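Q: here is the input, now give the coordinates:
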Amino acid sequence: MENVEAALFKKGGLTEALGIYVVRLGSSDAVTALTVGRHHLQHHGLIHAGTCATLADHTAGAAASTRILGHQAVLTAEFKVNLLKPASGDQLWCRAEVLRAGKQLHVVESRVYVGVPDDLAQSTMVAVALVTLAVVDAPKDQDEAAS
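A: As a prediction, the model looks like this:
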């Protein structure tokens with residue numbers, strides 16, 4: 001799974017800015033986390049809904065990516081996030097599970113928690129998302145396309 005991890009989490013962009021990292025990648029699931037900092041918060045000092053939504057979406061993509069071929073990629077087509085309670089804590093983490101891996105669409109459920117990553121006994125669920133991802137031919141890397 002190192003290739004999936006490298007492609008999804010080590011190329012920079014928003015995941016790097018938010019500090020999202022991989023806890024675990026399985027054959028149909030993924031667990032990611034971030035250490036909460038000031039830049040993750042909204043004006044009341046709670047974790048911003050956008051932080052929760054981004055973590056849910058990206059983790060769904062990681063889980064779905066474990067079910068595609070090497071020449072394919074997944075892109076979010078739609079997602080719905082239910083924010084269950086205000087999120088506050090030092091660690092935000094997400095577990096995403098592929099519910100259906102189709103030829104053209106994957107459906108993934110993401111659950112976002114505050115607490116100890118990948119430890120349900122020491123965590124509180126704060127959001128749940130249903131994410132639909134389109135299976136597409138992998139876009140060429142921008143560095144490769146420029147040469």
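
Q: beta partners of Leu92?
A: Leu34, Val114 (DSSP bridges).

Q: how many neighbouring residues does it have?
A: For Leu92, the tally of surrounding residues (other C-beta atoms under 10 Å) stands at 28. To be clear about C-beta, it is placed using only N, CA and C from the backbone, and glycine gets the same treatment.

Q: likewise for the one 10 residues further on?
A: Other residues near Gly102 number 11, with proximity taken as other C-beta under 10 Å.

Q: now do Leu105
A: When neighbours are counted by other C-beta under 10 Å, Leu105 registers 15.

Q: show me what it is bridged to.
A: Ala134.

Q: tell me which helix or strand Ala64 sits in.
A: helix 49-65 (DSSP states H and E).

Q: elements contacting that helix?
A: helix 2-9, helix 14-18, strand 29-35, strand 72-83, strand 91-101, strand 105-115, strand 123-137 (3 or more C-beta pairs under 8 Å, 6 or more residues apart in numbering; DSSP states H and E).

Q: which strands border the fourth one, and is each parallel or antiparallel?
A: In this case it means strand 72-83. strand 123-137 (antiparallel).

Q: as PDB, could you dump the C-alpha coordinates of the partner strand?
A: Output in PDB follows, covering the C-alpha atoms of strand 123-137 (Å, rounded to 0.1, in the frame of the first residue of the first chain):
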ATOM      1  CA  SER A 123     -12.800   8.500  20.900                       C
ATOM      2  CA  THR A 124     -16.000  10.400  20.300                       C
ATOM      3  CA  MET A 125     -17.600  10.400  16.800                       C
ATOM      4  CA  VAL A 126     -18.200  14.000  15.600                       C
ATOM      5  CA  ALA A 127     -19.200  13.500  12.000                       C
ATOM      6  CA  VAL A 128     -20.200  11.000   9.400                       C
ATOM      7  CA  ALA A 129     -20.000  11.300   5.600                       C
ATOM      8  CA  LEU A 130     -21.200   9.300   2.600                       C
ATOM      9  CA  VAL A 131     -18.800   9.900  -0.300                       C
ATOM     10  CA  THR A 132     -19.300   8.800  -3.900                       C
ATOM     11  CA  LEU A 133     -16.100   8.700  -6.000                       C
ATOM     12  CA  ALA A 134     -15.800   8.300  -9.700                       C
ATOM     13  CA  VAL A 135     -13.200   5.800 -11.100                       C
ATOM     14  CA  VAL A 136     -11.300   7.500 -13.900                       C
ATOM     15  CA  ASP A 137      -8.000   7.000 -15.800                       C
END
